[in-house]
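# kindly generate the corresponding structure for this input.
(2 chains)
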Amino acid sequence: MATAPETAHRLRTAADAAAAALPPLLVQAQRIAATVTLGSHGRRRAGPGESFWQFRPYSRDDTPASIDWRQTAKFDTVFVRDREWVAAQTVALWCDMSPSMDYSSKRNLPTKAERAAVLTIALAELLLEGGERLIRLSPTGVPQRSAASGRIAVAQLANALVTEMSAQSKTPVHPQFPTPLPRHAAVVLVSDFLAPLDEIAANIKTLSRQGATGHLLQVLDPAEESLPFKGRIRFTGMEAEGTTIVERTEDARATYMTRIAAQKDGLRELAGRAGWSYALHHTDRSPQASLAALHQAMTGFGPRG
Amino acid sequence: MLSLGAFTFMAPAVLIAAAVLPLVWLLLRLTPPAVRRLDFPAARLLFNLEKTERTPARTPPWLLILRMGLLALAILGLADPVLTADRGEGSGPLVMVVDNGWASATQWDARVKAARNLLERADRRQQQVAFLTTAPGAEPPGALQLEPAREALAQITELEPQPWPADRAAAAKQLRTLKIDGAASAIWITDGVATDGDRELTDALEALGRVSIVEANDANMPLVLPPPQRGLAQNGGNRINVRVKRIAAGDLPAIAPTARALDPQGQVLSRTNVSIERGQLVGEAAFDLPPELANRIARFDIEGQASAGATVLADARWQRRPVGVASTTSNGISAPLLEDAYYIHQALDPFAEVRSGTLDELMARPLSVLFMASGGKILDAELPRMQEWVEKGGVLVRFAGPRLDSNVDSLLPVRLRSGGRSFGGALSWEQPVALGAFPDNSPFKDMTVPDDVTVRTQVLAEPTPDLAAKTWARLGDGTPLVTAERRGEGWVILFHVTATPEWSALPLSGLFVDMMRRTIDMSTGVAGDAGAALDGVLAPLSLMDGRGRLQQPGPTAKPLAARNLTEIKAGPETPPGLYGSPANSFAFNLSPELVNVEPLRALPRDATHLNFEGLARERAMKPWLLSAALALLIVDLIVSFVLRGLTPEVSVTRLRNATGAIVLLALLLAPSSGHAAEAPRKPLDSTTSSAILETRLAYVVSGRSDIDKICEAGLRTLTQVLSGRTSAEMAPPAAVDLNAGNISADTLTPYPVLYWRITGDSAKPSAAAAAAISTYLHRGGMVVFDSPEQAGAIGANGSGQKLEDILRTIDIPPLVNMAPDHVLTRSFYLTQGLPGRFVDSPVLVERGSTANDGVSSVIIGGNDWASAWARETSGLPMFAAVPGGEQQRELAYRAGVNMVMYALTGNYKSDQVHLPAIRQRLTQ
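Numbers count the residues shown, from 1 in each chain, chains lettered A, B, ... in the order given. Here you go, the predicted structure:
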């Protein structure tokens, strides 16, 4: 499908991107992350941590060393100083880099893959700020390395995403998520989720069975929402689904919009059934809002006190 | 060939192709526009659409109409339709008579076009044609015969208007030789000017059959320009009266053709509008020209009327004014008169061709003006001849004198009293009398009257009623000094004094010269000297063609017989033009014989009248139709692109970029085209080009590596300081090697400042280097000479010979100790002096320079600035500043900043030097 110059152009872009796009992507992601307020982050329960959580009466399980003598001196009871439990959660990030993501309907819009990568990196940035541990899932859903934290993890993530984005093969990839994730890990799936709902349901099921709570972030191009084309068009799927000729696209629009709505509703239902969150992002919108919502959703999850 | 109303199809067979149009219509209708391809991630959602949504797209009707129109236009165009007006020609042969006499030159192109038009039409109709022109040729024409129209078309391309009248009687005679079976149609493309043989020609044409007349409309009828008349204007210049006559009848609109006078090189000397009123045939106007210009006139014509009838060649008659100074009559006056004519000769020689001799000798050849210098009677035997000459336009100028103090003969403008009148003689109380003002009717009236011209003796005119009218100049007491009388075409003029200073101071004055010249200007020119012609004939020199242009004479032109020049009529053997020798040419013009020409009236009675505009309406439609088809094809192409979605997305940035690129391209192209003719430039060497691209400081390579290192480090640090503290962000410093081969002012010019550290063993610069430095300084460069080792050299003790040696080789302006308030001390920082590593060395600058806006081109000091500035790459200073330490180093940097800012901004801060004065003035 891609003509020779297009391929050449893509390769060059890939090389350029590998060399140079990483910092811009990182910078963009960092800029977006910086504008999202971090919000409360502790585990909101007593546990090992830095900050003060509460004083509670000494119980027999406590070591004498944990007695807060100053507080105890004020009262008759012996008090123990509890600190807030700061437990790092493991978050697995999966960013869809399949060929269908390499699409933008207008020149001045980013491709879905770019936007998805930006969102993923920005999210990673935010999560790392919050001290979480990250696992990057490869396009097929295999964890790339054990959970990492720290700024270097973001850089690694960004690097990997850019490499994947530039080295995108045209063969579609179906994620399987075969390797179990750490227990209680959160998983974030960023994709256009245009695959058949069955496949997606299977994936969610796999992940849920591993005990992961998840977040679906659907990234769509505005053209995929509204089908703004006219006339006789041969539509070619980007993941080898085949082609179809639509004689009057304007007439097919209503049907298409019903179907895409059904796809979104199905996704939402799948997520809801699994107790996951679902969010939709359009590439013509600013990523901040979606990122903030996603982050909010994520911090709302996880073990609570 | 197929005729459909006004259209004639030249290739009707092509029209058969139109039969396939319905088929094409069907095919186009059924073939939907090409499908547009689109990669779409959500394509899966579009699979398996319901049938109702798969209604096949059809070609939209407007596209169908567009394409059918395209095809139809192409087929029509290929069928080569020609739009014609129906002229109802018969089917027989066509007889075409074309007037190509002088009058046809107006609108000649329209005539040829009309004739070609008609012939092409005849060619299409495969008519036989007999083609005939009316102007006689040099050879008698052969018998007229019918021929294919194509032959006539070939003839008409070579047809030219002739500069002589048509001979229609001869044409009629030739027409009668034509043998035609049955009826023919005749077309006469006429010039609308009557000749003697018109009736015969119309009869001959009527005999042939149906006659059509093609003629110009009334507004485009030919104009005739008779030879203009040269006269004397009120202001003393020449007034040339032109008349323009039109040959037309009917309701005539007012026109205002422009008559021009041209010199031999074809430059227009003057032009004037000759307005011919509505209904009038003749208009008049005049050129007012100074005599010098009038004498250069070589031809007159009417602008836009390139015809022999509207062109008048001016020959020697316009330019030559032979002047005779009679020394003696043949047998009458015998006194030696040469001396009397001396002043006349002196006055006239520069302006006219002056001949001397006896009256007989002079009159033997044409003469414009005759001066009789010392009076005397014209003998009775000579009198008739002289009288006749004057009547014909001669100007006779006589001077009074001892022999002309009474009415000696009849060729005097006034009657004279016997005896002269003297003033200021020994026995007279009266004083010599000065000139009075010139009367209004005098040709001399614009001349200034000098007050030193006095008259002692004169002859007096008898008072008559018309004396005042005849007086051209008078004395202060009112007695006439110059009188003149018109006789026929000519003048008789009498100066009442002698031509010598004997009676008056007039011959000694400049006024006399002016009077003589003005007198000559009043005369008419004379024709070519027939006596000079070889064997009484004038050979053709250059001849007019039908459009009034002078050409080399052809082989058919014959010489003119000099005897009967006035009787010759223009014809193929004697075309109008210049005859004779180049020095003495005679202009034979056509227009004098056209004065009485009438418009053509004798036309066939029931002829069809057409004009050129009506004929021009025939045109081939093929190019138009095919162009339209092509345009539609392009539209269709664009439409197809749009339908397939192949239109490029045009964003604002792209447009802006494109515009920028175009502007850039234009800018790049503009100078390159302007300088294309220049010699290719020598490419710049890399050092110079990098110096040009980025401003940088430079130092002169001393030859000692340690010194060079100091200089480099010092300037590098100073550059850093400058970019840190000022807006002067410069590139790393450059080294200038004065011993390099390519050293020249051009390689130095890019540097604003040259730092020259002079050491004890510095070599003197080579001559080329010294010249380069000098030129660099003259161009506004600046050199900082720094010679710490020889700081004393600047003073008077002379220990530092080296600096002096070097400075001696360079063109250094006069120097002075830098004043404490010099601009250098305040160009950026307010400093005191220019401290460097040392502080005590004097600093010299240019003294009161006026060049370069008063900016000193040199700074000479010995404070070893570079050492103070220099830092290692680690940032540590290389040398200690004495005595002030680090504070002094800071001051040294400030001095360096000031020097560079001074070099960069010049005297920009010098107004601060005057600030106290300005402030003082403001407070006052």
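
# contact partners of the top strand by length along chain A?
Using DSSP state E, we find that the single longest strand of chain A is strand A:213-220. Contacting residues not belonging to strand A:213-220 are listed as A:101, A:112, A:115-116, A:119, A:184, A:186-193, A:204, A:207-208, A:264, A:267, A:270-271, A:274-283, A:290, A:294, A:297-298, A:301-302 [Cβ atoms under 8 Å, 6 or more residues apart in numbering or on different chains]. Just so you know, the C-beta spots here come from the backbone N, C-alpha and C atoms, and that holds for glycine as well.

# mind checking which of the residues you listed land in strands?
Using DSSP E, the members of the contacts of strand A:213-220 that fall within strands are A:Ala186, A:Val187, A:Val188, A:Leu189, A:Val190, A:Ser191, A:Ser277, A:Tyr278, A:Ala279, A:Leu280, A:His281, A:His282.

# quick check: ChimeraX command selecting the buried ones in the contacts of strand A:213-220.
Here the buried members of these are turned into a ChimeraX selection, burial being counted by 16 or more other Cβ atoms under 10 Å in any protein chain shown:
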select /A:101,112,115,116,119,186,187,188,189,190,191,192,193,204,207,208,264,267,270,271,274,276,277,278,279,280,281,282,283,290,294,297,298,301,302
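
# near chain B, from the contacts of strand A:213-220?
Restricting those to those touching chain B (Cβ under 8 Å from any Cβ of the partner chain) yields A:Met101, A:Lys112, A:Asp192.

# which of these sits closest to B:Gly577?
Using Cβ to Cβ, A:Lys112 is the member of those that lies nearest B:Gly577, at 90.7 Å.

# for that closest one, give its distance to B:Val900.
56 Å (Cβ to Cβ, to the nearest Å).

# and what of B:Arg656?
The spacing between B:Arg656 and B:Val900, counted by Cβ to Cβ, is 39 Å.

# compare these two (neighbour count), which wins?
Comparing B:Arg656 with B:Val900 by neighbour count (other Cβ atoms under 10 Å in any protein chain shown), the higher total belongs to B:Val900, at 27 against 10.

# ok so the more buried one is a strand residue?
No: B:Val900 is assigned helix when assessed by DSSP: H, G, I helix; E, B strand; the rest coil, not a strand.

# what sits against it?
Counting by Cβ under 8 Å, 6+ apart, B:Val900 makes contact with B:Leu697, B:Leu718, B:Leu722, B:Ala728, B:Pro752, B:Val753.

# report the contact partners of the residue of the stretch 401-550 of chain B found nearest chain A.
The stretch 401-550 of chain B approaches chain A most closely through B:Arg547 (63.7 Å), counting by Cβ to the nearest Cβ. Shown here is B:Arg547, whose contacts under the criterion Cβ under 8 Å, 6+ apart are B:Ala105, B:Trp108, B:Pro161, B:Ala306, B:Ser307, B:Ala308.

# cool, and B:Thr719?
B:Arg696, B:Leu697, B:Met730, B:Ala731, B:Pro732, B:Pro733.

# how close does it sit to B:Val784?
From B:Thr719 over to B:Val784 the distance is 14 Å, taken as Cβ to Cβ.

# please apply the same query to B:Asp521.
B:Asp521 is 76 Å from B:Val784, where distance means Cβ to Cβ.

# would you mind listing what in the stretch 101-250 of chain A touches chain B?
Where proximity means Cβ under 8 Å from any Cβ, the interface of the stretch 101-250 of chain A facing chain B comprises A:101, A:103, A:106-108, A:112, A:192, A:194, A:196, A:221, A:223-224, A:229, A:231-239, A:241-248.
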